[in-house]
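Engineer: Sharing a model that was predicted from the sequence below.
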Amino acid sequence: MSEQSVTTPELPGPGRVRRGRARLRASNDTTAGIAFAVIAFVIWGLLPLYWNLLRDVSAFELLQHRIFWSFVLAWVLVRLGGTPVRAPRGKRRYLLIAALLLGANWFTYVFAITIGRVVDASLGYYINPLVSVFLGMIFFQERLMRLQWVALGFATAGVLYLAFEYGAVPWVSLILAFTFGFYGVIKKSLPGLPATHGMALELRYIAPVAALLMLHGQVSGEATFLQSSVGTSLLLSAAGIATLTPLLFFAGAAKRIPFGNVGFLQYIAPTLILVIGVVILGEPFTLRRLPGFAAVWIALALYSYSRLPVVGRAAGPDVDRVPQGDHPS
């Protein structure tokens, strides 16, 4: 009887196992990062429906509650995390400026919704990435590629067309885009902070003012909070949750996937805002406005295409970088 040679399968070495596990972790991180980003931008896109439920509350009172409850929730989350919150040395004035820009952005956004300018708000967030590129060129000497110059040209043409079509400057769109753009410039000048830490540090400068104004409203009887329906009061007190929840998802996404990928997904929010404004809230979107929006959409397509070569790899010295901050809406 002849002997048969038995071959045993070769087991993978420790190095191969580690590499396999690393690839699996990277794949899981990418999947989770994309999911977090989609959730964040969908929530941001749906927020007009939330603020529209409070359309009978003045935009100024809405701003007070959004600042105060966001500050309270941010500090609670930070304390639960067990890490101290300290302002970066010598950077307090930057935090104050960031807080003022954030407050201006939030007020404009909520005010636009309460006066029926949701479509204009969507335009502001469409042009925001291009404004950030422009500000990066001015403040950080970042170089633009030829295609990005063309994209800026289309965006400028679109805004000028809309200004001509409106018969007035689209101030809602420009204020939203530039306040968030300058907010990004300030954030880029600060050391990296977790999202909740940054929000807590920034809002602590204006949260006391918001609290005093809320107290004055209660004493004078002019406030809606606690003096209107229970549902309205609950919605106002939940403003912090509505603000910070997408921010935390966004922070989780930014840690797991390249920021270029996040950039592509960010257009979910203004698209949802535009659809909500036109389809649900019944704002007019005439064909005369379409060329202006089309020019902005072409600009975004060109800008996104110009970013394709740098997605997924470490940015070198020749790569343009957009000032990055937390989404304001």
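Structural biologist: On my side now, so go ahead.

Engineer: Just the C-alpha atoms of stretch 152-162, please, in PDB.
Structural biologist: Extracted in PDB, the C-alpha atoms of stretch 152-162 (Å, rounded to 0.1, in the frame of the first residue of the first chain):
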ATOM      1  CA  LEU A 152     -15.600  80.800  -8.500                       C
ATOM      2  CA  GLY A 153     -16.400  82.700 -11.700                       C
ATOM      3  CA  PHE A 154     -19.600  80.600 -12.200                       C
ATOM      4  CA  ALA A 155     -20.600  81.100  -8.600                       C
ATOM      5  CA  THR A 156     -20.100  84.800  -8.800                       C
ATOM      6  CA  ALA A 157     -22.100  85.000 -12.000                       C
ATOM      7  CA  GLY A 158     -24.900  83.000 -10.400                       C
ATOM      8  CA  VAL A 159     -25.100  85.300  -7.400                       C
ATOM      9  CA  LEU A 160     -25.000  88.400  -9.600                       C
ATOM     10  CA  TYR A 161     -27.700  87.000 -11.800                       C
ATOM     11  CA  LEU A 162     -29.900  86.300  -8.800                       C
END
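
Engineer: Pull the residues that contact that stretch.
Structural biologist: Outside stretch 152-162, the residues that touch it by CB atoms under 8 Å, 6 or more residues apart in numbering are 123, 127, 130, 133-134, 144, 170, 173-174, 289, 291-296, 298-300, 302. (Each C-beta comes from the backbone N, C-alpha and C, glycine too.)

Engineer: One more pass at 7 Å, please.
Structural biologist: 127, 130, 133-134, 170, 289, 291-293, 295-296, 298-299, 302 (CB atoms under 7 Å, 6 or more residues apart in numbering).

Engineer: for stretch 171-182, same thing?
Structural biologist: With contact meaning CB under 7 Å, 6+ apart, stretch 171-182 is reached by 101, 104-105, 108-109, 112, 117, 120-121, 123-125, 127-128, 131-132, 135, 325, 328.

Engineer: got the buried residues for it?
Structural biologist: Neighbour counts over stretch 171-182 (16 or more other CB atoms under 10 Å) mark 172-182 as buried.

Engineer: Repeat that for stretch 139-155.
Structural biologist: 139, 142, 144, 148, 150-152, 154-155.

Engineer: same check, this time on stretch 156-165
Structural biologist: Neighbour-count burial for stretch 156-165, counted by 16+ other CB under 10 Å, picks out 156-159, 161-163.

Engineer: Let me know the closest of these to Tyr50.
Structural biologist: If you rank these by distance to Tyr50 using CB to CB, Leu162 comes first, at 26.3 Å.

Engineer: where's that closest one, which helix or strand?
Structural biologist: Secondary structure from DSSP states H and E places Leu162 in helix 146-166.

Engineer: to the chain's geometric centre, what's the distance from that helix?
Structural biologist: Centre-to-centre, helix 146-166 and its host chain are 22 Å apart (CA atoms, centre = their mean, to the nearest Å).

Engineer: Identify the residues contacting Ile206.
Structural biologist: Ile206 makes contact with 67, 99, 103 under the criterion CB under 7 Å, 6+ apart.

Engineer: Out of those, who's the most crowded?
Structural biologist: Taking other CB atoms under 10 Å as the neighbour criterion, Ile67 ranks highest of those with 28 neighbours.

Engineer: Break down the chain into its strands, ranges please.
Structural biologist: With DSSP state E, there are no strands along the chain.

Engineer: For it, give me the ranges with low pLDDT.
Structural biologist: The model of the chain has pLDDT under 70 over residues 1-29, 191-192, 258-264, 308-329.

Engineer: hmm, 80 instead?
Structural biologist: Low-confidence segments of the chain (pLDDT under 80): 1-30, 82-91, 142, 144, 166-167, 188-195, 251-266, 304, 306-329.

Engineer: quick revisit: show the buried residues in the contacts of stretch 152-162.
Structural biologist: Here, 16+ other CB under 10 Å leaves 127, 130, 133-134, 170, 289, 292-293, 295-296, 298-299, 302 buried among these.

Engineer: Farthest pair within the residues you listed?
Structural biologist: Across the buried ones among the contacts of stretch 152-162 (CB to CB), the longest gap, 24.1 Å, separates Val133 and Arg289.

Engineer: doesn't Leu135 make contact with Glu142?
Structural biologist: No: if you go by CB atoms under 7 Å, Glu142 and Leu135 don't touch, sitting 9.2 Å apart.
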